[in-house]
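J.: give me a 3D structure for the following:
(2 chains)
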Amino acid sequence: MNTKVTIAGVEFKNPVMTGSGTFGSGMEYGEFVDLNRLGAVVTKGVANVPWEGNPTPRVAEVYGGMLNAIGLQNPGVDVLIERDLPFIKQYDTKIIVNVCGKTVEDYIEVVEKLADKEADMLEINVSCPNVKEGAIAFGQKADSLFAITSRIKKAAKQPIIMKLSPNVTDITEMAKAAEAAGSDAISLINTLTGMKIDINKRAFVLANKTGGLSGPAVKPVAVRMVYQCAQAVKIPIIGMGGIANAEDALEFIMAGATAVAVGAMNFVNPYTTVEVADGIEAFMKEKQVEDIQELIGCVK
Amino acid sequence: MAQKKKVSAVITAHKEIAPNIFDMWMRTELAGEAKAGQFIAVYPKNASTLLPRPISICEVDEKRESLRIVYRIAGKGTKEFSTYQEGESIAILGILGNGFPMEAGFVTKIFLMGGGIGIPPMLELAKELSDHAANTGSGKPEINIILGYRDSKLFLKEDLEKYGNVFVATEDGSTGTKGNVMDAVRENDLHADVIFSCGPMPMLRAIKNYAKEQGIPAYISLEERMACGVGACLGCVCKTKNTDHHSHVNNARICTDGPVFEADEVEI
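T.: Next comes the predicted model:
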């Protein structure tokens, strides 16, 4: 049975990855799961310099999901290179570094610093809804997405994955812009902008007022968007949004995702990633599927 | 540090000890790892409430492999917990957080200050400090336990009286000193070499200022909305005076670097 998938020439032992920002750099969840079992660890977004992130409260639970407005707090790319990459490198898994920035130059500085480092791919975050400058500002218009993608692609040594925002009118326009600008793959969905109000305090629950919705509540939207993008572009798709088990992951795969990422559900069940990987194998065995390729985009 | 795990625990006792305050004992393999000031995260069973609820450890009974938590109904999750019966299984994540630095308590005069639902972790701490004195044969320290409640519906007071001199302050003045824990300290002319505390933010701020005036260390346990509980999501940070070793900015993770901090190290 083959569970290996290939994206832009990088081979992953299975299609299960971690959603950026939900898994740190693997250290914290390495206590719960064997990182050798994962297709890839996708790290928390890093910028060229450390970022403080947003004030607290930064998280709120909502029905079937959660809102977060962390604001991309990160220690900066130098710490990632010195501390986090060597940690993940001890394991037999691929490393995808998520990159964020306030300006195109910020992104390019990070990408250039990572050029000769142990990162297999770079995921470019142009879709975080919780920071005012950069990030989503680049990812909500097709022409600005095309422009930043072209520049990053030129600067990057590793293949790049543009991470798309669902907070757009037509996500396929974004997928097409990323593809046309040379992105090697796309990942979707980042979180949906949401809000929660505390009726007793007559106040927003999050200090940032709005936050990104993730968790099982967003899954049907994410599956639909993966399907639409799979019909619109030829580059591989990494699908994510509320994946809690193998059934959820297989929905994304059948909708057209070559790989999948487990995000918020790591917080609920720290063993989710490995359970998803095991569950996909069990499904393939039960249904006598020889190669996972047979499942990718099989529902049209 | 012991490995963190998500495990099933069995409720062995559960009762309401004050209005909306519940006292739960559970049997769990994690009990042997737990110490004062650490916490567990308890999962609601309702799948629409996804995130585990961080609750401080009130007491550890290693022989019976049991943990005690005392929690207040604060929302949907804790409301659900309050309906659980003895014998029921629950999922918990633990053991989380750093706990109180016991060695800082090896002095002669100690304040344990708890406010409201910040009182429970003071019990295991009082017990461990007393046990340490007994086990090492060092002189028994003077432990003054100052508790702040809203009104005369007290809880855990008798448990705490086994380990030290208990002083009570109530907001409405119905029992003990009228006011807060600092008012009780002044009214009873109490003094300490170190403070351990858990409670609402205004109380912790007052304690931080008092400790500074007195030139003594204060260790305070902080609370924040959490998601992962294990240091990955960066949801529950607090501002730090100096650049944090992990984040490389002035933010520390309450769930992992805390919840206990030296008051002087955090901006509250």
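
J.: all helices for chain B, in order.
T.: B:76-81, B:120-136, B:157-161, B:181-187, B:201-214 (DSSP state H).

J.: which one of those helices lies closest to chain A?
T.: helix B:76-81 (8.0 Å; CB to the nearest CB). Every residue, glycine included, has its C-beta placed from N, CA and C.

J.: now the closest one: average pLDDT?
T.: Averaging pLDDT along helix B:76-81 gives 97.

J.: same check on stretch B:35-54?
T.: Rounded mean pLDDT across stretch B:35-54 is 96.

J.: just confirm yes or no for it near chain A.
T.: Yes. Stretch B:35-54 is in contact with chain A by CB under 8 Å from any CB of the partner chain, via B:43, B:47-52.

J.: residues in chain B within reach of chain A, list them.
T.: So chain B meets chain A at B:3-6, B:43, B:47-52, B:93, B:224-238, B:246-251, B:256 (CB under 8 Å from any CB).

J.: buried members of these into PyMOL, please.
T.: Burial among the residues of chain B next to chain A is assessed by 16 or more other CB atoms under 10 Å in any protein chain shown; the matching PyMOL selection reads:
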select buried, chain B and resi 4+5+6+43+49+50+51+52+93+224+225+226+227+228+229+230+231+232+233+234+235+236+237+238+246+247+248+249+250+251+256
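
J.: chain A versus the closest residue to B:V107 other than its chain neighbours, what's the distance?
T.: With sequence-adjacent residues excluded and distances taken as CB to CB, 6 or more residues apart in numbering or on different chains, B:V107 is closest to B:D193, at 4.1 Å. With distances taken as CB to the nearest CB, to the nearest Å, B:D193 is found 32 Å from chain A.

J.: reformat the helices of chain B as TSV; add mean neighbour count and distance to B:F22.
T.: Output for those, formatted as TSV (neighbours: other CB atoms under 10 Å in any protein chain shown; distance: least, CB to CB, whole Å):
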stretch	mean neighbour count	distance to B:F22
helix B:76-81	18	7
helix B:120-136	20	11
helix B:157-161	16	15
helix B:181-187	19	23
helix B:201-214	17	22
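
J.: what's the closest of the ones you listed to B:D264?
T.: With CB to CB, the closest approach to B:D264 among those belongs to helix B:201-214: 7.1 Å.

J.: ok so, going back, among the residues of chain B next to chain A, which lie within strands?
T.: B:5-6, B:93, B:237-238, B:251 (DSSP state E).

J.: low-confidence ranges in the stretch 1-150 of chain A?
T.: Along the stretch 1-150 of chain A, the model assigns pLDDT under 70 to residues A:132-135.

J.: residues from it in reach of chain B?
T.: A:21-24, A:28-29, A:31-32, A:44, A:50-53, A:56-61, A:63-66, A:68, A:70, A:73, A:75-76, A:79.

J.: for the closest residue to B:G105 other than its chain neighbours, give me its contacts.
T.: Closest residue in space to B:G105, ignoring its immediate chain neighbours: B:L129 at 4.9 Å, by CB to CB, 6+ apart. When contacts are counted by CB atoms under 8 Å, 6 or more residues apart in numbering or on different chains, B:L129 touches B:102, B:105, B:110, B:141, B:143, B:163.

J.: now those residues in JSON lines, with neighbour count?
T.: Shown next, in JSON lines, are those (neighbours: other CB atoms under 10 Å in any protein chain shown):
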{"residue": "B:M102", "neighbour count": "16"}
{"residue": "B:G105", "neighbour count": "22"}
{"residue": "B:I110", "neighbour count": "22"}
{"residue": "B:P141", "neighbour count": "20"}
{"residue": "B:I143", "neighbour count": "23"}
{"residue": "B:Y163", "neighbour count": "19"}
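
J.: could you single out the nearest of those to chain A?
T.: B:M102 (23.6 Å).

J.: so that closest one touches B:D131, yeah?
T.: No. Between B:M102 and B:D131 there is no contact under CB atoms under 8 Å: 10.0 Å.

J.: of the helices of chain B, which shows the lowest average pLDDT?
T.: helix B:120-136 (a mean of 91).

J.: got the CA positions of that one in CSV?
T.: Output of helix B:120-136 as CSV, limited to C-alpha atoms (Å, rounded to 0.1, in the frame of the first residue of the first chain):
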residue,chain,number,x,y,z
PRO,B,120,-7.8,25.8,45.9
PRO,B,121,-4.1,25.6,44.9
MET,B,122,-3.2,27.0,48.3
LEU,B,123,-4.3,23.8,50.0
GLU,B,124,-1.8,21.5,48.3
LEU,B,125,0.9,24.1,48.7
ALA,B,126,0.2,24.4,52.4
LYS,B,127,0.3,20.6,52.7
GLU,B,128,3.6,20.3,50.8
LEU,B,129,5.3,23.1,52.8
SER,B,130,4.2,21.5,56.1
ASP,B,131,5.3,18.0,54.9
HIS,B,132,8.7,19.4,53.9
ALA,B,133,9.2,20.9,57.4
ALA,B,134,8.2,17.6,59.0
ASN,B,135,10.3,15.4,56.7
THR,B,136,13.5,17.4,56.9
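
J.: how far does that helix sit from the chain's center?
T.: 13 Å (CA atoms, centre = their mean, to the nearest Å).

J.: swap in stretch B:248-260?
T.: Here the centre of stretch B:248-260 is set off from its chain's centre by 16 Å, with CA atoms, centre = their mean.

J.: which residues of the stretch 1-150 of chain A fall in strands?
T.: A:5-7, A:10-12, A:16-18, A:40-42, A:59-62, A:65-68, A:94-99, A:121-125 (DSSP state E, counting those that start in this stretch).

J.: B:Q38: which of these is closest?
T.: strand A:59-62 (20.8 Å).

J.: hmm, who's touching that closest one?
T.: Counting by CB under 8 Å, 6+ apart, A:66-70, A:194, A:196, A:205-206, A:211, A:213, A:215, A:217, B:49-51, B:225-227, B:233, B:235-236 sit against strand A:59-62.

J.: give the partner strands of it in its sheet and their orientations.
T.: Paired neighbours of strand A:59-62 in the sheet (DSSP bridges): strand A:65-68 (antiparallel).

J.: from A:K89, how far off is A:R83?
T.: 11 Å (CB to CB, to the nearest Å).

J.: quickly note the distance from the residue lying closest to B:N250 once chain neighbours are set aside to chain A.
T.: Spatial nearest neighbour of B:N250, chain neighbours left out: B:T240 (5.0 Å); criterion: CB to CB, 6+ apart. According to CB to the nearest CB, B:T240 and chain A sit 11 Å apart.

J.: in the sheet, who's paired with B:T240?
T.: In this entry, B:T240 is beta-bridged to B:V266, by DSSP bridges.

J.: for it, which residues are in contact?
T.: Taking CB under 8 Å, 6+ apart, one finds B:250-252, B:265-267 in contact with B:T240.

J.: can you tell me which two in those are farthest apart?
T.: Using CB to CB for every pair in the contacts of B:T240, the one that comes out farthest apart is B:N251 and B:E265, at 12.2 Å.

J.: need the helices for the stretch 1-150 of chain A, in chain order.
T.: Using DSSP state H, counting those that start in this stretch, the helices of the stretch 1-150 of chain A run over A:77-79, A:85-89, A:104-113, A:136-139, A:142-155.
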